[in-house]
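In: sequence plus the predicted model coming up.
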Amino acid sequence: MNSITDLLKKPAALAALAFLAGVLIGLGYAWGIDPVRWTDQPISATRQDLQETYLRMAIDSFRVNGDAPLAVNRYLETGPQAYQIFQVIKNAPGKLDPQAVAMFEQVLQQNGVYTPGGVPTPEPAAGGAASSLVSIAIIFGGLLAIGLVAAAAFWLFRGRNKNAPLTPQQQALELSRSAEKTDYASVGREPPVAQYVTTYVIGDDLFDDSFSIDAPSGEFLGECGVGISETIGVGDPKKVTAFEVWMFDKNDIQTVTKVLMSAHAFADVALRAKLEAKGELTQIAPQSQVVLETQTLQMVVTVADAVYGQAALPEQSFFERITLELAIWPK
C-alpha cells in the first residue's frame, strides 16, 4: 500500500495513470456505449457469400435493363474475387436464367475484364478516407481530453486539500519514513535480511501492519508484523494499551508472538493474566529491544519511539504514538 501511495505522489506517474484512465473510459464509450457504425461499405470489403449475392443481382438486373457499362462496373465493384465468384454462379445459376448468365459473360469478355487473374478494385471515394481519419482523430482527441481533465481535477482537488490535517495513517507513514534505521553494520553485526519500520498513531483503530521476509535470493522465508492486542477505557478513538509483535517461519511452520505493554498494563495483574495466553509479556520503554526466535529466524524489535497519551485514564496506560523497528536475520 505504501508503494502505491508513493507512486501517486509522483507527477509523471499520476499523469500516466490519468491518461490510462482516460483511454479506458474512452474505449469503453467508443466500443460499448456509442460504437462506430460503418455505412456504405464497398461490396469488395464484404464476405464472399454477400459478394456472390450482389453479383447474382447484377446479372438479373442486366437481364432486365441491358445496360452493359453498368453491368461491367458492378462486376468490377465485386472485387478481386469476381472471376471466381462468377464461375460459381455460372456452374450453379440457381434461379438465374442461364441465357442471362451467358450474355453477362459475353459483355465482360467484350470489355476485357473477364480474366482469371482478378480485376482491379475501384478506389474508395476520397471523402470516405477523410471521414475515417476525422473519426480516428476525434476518438483520440477525446481520449486525450478526458485524461487531461482527470489530471486537472485531481490536482485541483489536491490543491484544495493540501492544508487539510493528516489522517492518523498518514501521520504514521511520515513518522516511519523519517525514522532512522539501526545501522547494524556499524556495530560489527551482519546486516539483517529484512528491516522494517512501522508506526502507530492514536486514531488508527485498525492498525495491523505485516511484512514479508525474503532471502537475498528472493526466497520467501516467512512474515512478521505488529497489531493491536488490547485497549483500555471506552469511546473513540481506541486507547491502545498493548501491542503484539509476531513472526512466522515457513520452515518451522509456526508463529511466535510477544506482547508489548504499557507501564500501567504491565503492572495490572488482571491485564497480565488476560494477555499471557498470547505470548511473553514485555513492558515498552524507549530504545528497549525484544527478541523473537523460531527454528531458522531471529527478529529484534526495537522501540524507536514511544509517547503516552493524556486522558481521564491512569497515567502511562495508553499510547499517543509508537514507532517500532523490525530487523530479521536467518539463524
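Out: Right, received. Where do you want to start? Numbers count the residues shown, from 1 in each chain.
In: which SS state does Gly227 fall under?
Out: strand (DSSP: H, G, I helix; E, B strand; the rest coil).
In: please name the residues that touch it.
Out: By CB atoms under 8 Å, 6 or more residues apart in numbering, Gly227 lies in contact with Phe207, Asp208, Asp209, Phe243, Glu244, Trp246. (Glycine included, C-beta is placed from N, CA and C.)
In: the strands in the stretch 201-331 of the chain, which residues?
Out: All strands of the stretch 201-331 of the chain, identified by DSSP state E, counting those that start in this stretch, fall at 208-214, 220-232, 239-249, 254-261, 280-283, 289-293, 297-308, 319-330.
In: one step back: any quick ChimeraX command for the buried ones out of the contacts of Gly227?
Out: Burial among the contacts of Gly227 is assessed by 16 or more other CB atoms under 10 Å; the matching ChimeraX selection reads:
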select :207,209,243,244,246
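In: if I look at Ala100, how far off is Pro69?
Out: The spacing between Ala100 and Pro69, counted by CB to CB, to the nearest Å, is 17 Å.
In: that older thread, and of the strands of the stretch 201-331 of the chain, who's closest to Leu24?
Out: strand 208-214 (30.5 Å; CB to CB).
In: strand partners of that closest one, parallel vs antiparallel please.
Out: Applying DSSP bridges, strand 208-214 is found paired with strand 220-232 (antiparallel).
In: tell me the residue in the protein that is farthest from the middle.
Out: Centroid-distance maximum for the chain: Gln99 at 65.7 Å, with CA atoms, centre = their mean.
In: where does it sit, in terms of helix or strand?
Out: According to DSSP states H and E, Gln99 maps onto helix 98-110.
In: packing partners for that helix?
Out: Secondary-structure packing of helix 98-110 (3 or more CB pairs under 8 Å, 6 or more residues apart in numbering; DSSP states H and E): helix 48-65, helix 68-77, helix 82-91.
In: that older thread, higher neighbour count, Ala100 and Pro69?
Out: Set side by side, Ala100 and Pro69 show more neighbours around Ala100, with 16 against 9, by other CB atoms under 10 Å.
In: what's near enough to touch Ile25?
Out: Ile25 sits next to Leu143, Ile146 when contact means CB under 8 Å, 6+ apart.
In: helices and strands of this structure: which one has the lowest mean pLDDT?
Out: Sorting the helices and strands of the chain by mean pLDDT, DSSP states H and E puts helix 2-8 at the bottom, at a mean of 55.
In: three-state assignment of Tyr114?
Out: What three-state DSSP gives for Tyr114 is coil.
In: tell me the confidence at it?
Out: With respect to pLDDT, Tyr114 scores 84.
In: and what of Pro80?
Out: Model confidence at Pro80, given as pLDDT, is 88.
In: I'd guessed it sits against Gln48; true?
Out: No: shown here, Pro80 and Gln48 do not form a contact pair, counting by CB atoms under 8 Å, at 10.9 Å.
In: can you say which of the helices and strands packed on helix 98-110 is nearest to Leu271?
Out: Leu271 lies closest to helix 48-65 among those, at 83.0 Å (CB to CB).
In: hang on, the earlier thing: what do Pro80 and Gln48 both touch?
Out: Here Pro80 and Gln48 share no contacting residue, scored by CB under 8 Å, 6+ apart.
In: let's test this: mean pLDDT of stretch 314-331, rounded?
Out: Over the span of stretch 314-331, the pLDDT mean works out to 95.
In: buried residues in that stretch, which are they?
Out: Buried residues in stretch 314-331, counted by 16+ other CB under 10 Å: 314, 316-330.
In: which one of these is nearest Arg37?
Out: When the buried residues of stretch 314-331 are compared for distance to Arg37 (CB to CB), Leu326 comes out closest, at 60.1 Å.
In: need the contact list for the residue lying closest to that closest one once chain neighbours are set aside.
Out: Spatial nearest neighbour of Leu326, chain neighbours left out: Tyr196 (4.7 Å); criterion: CB to CB, 6 or more residues apart in numbering. Listed by CB under 8 Å, 6+ apart, the contact set of Tyr196 reads Phe211, Cys224, Glu325, Leu326.
In: domain assignment for this structure?
Out: Using automatic domain parsing, the domain parsing of the chain gives 2-37+125-161, 43-110, 172-330.
In: am I right that the residue nearest to Leu326 is in a strand?
Out: Yes: judged by three-state DSSP, Tyr196 forms part of a strand.
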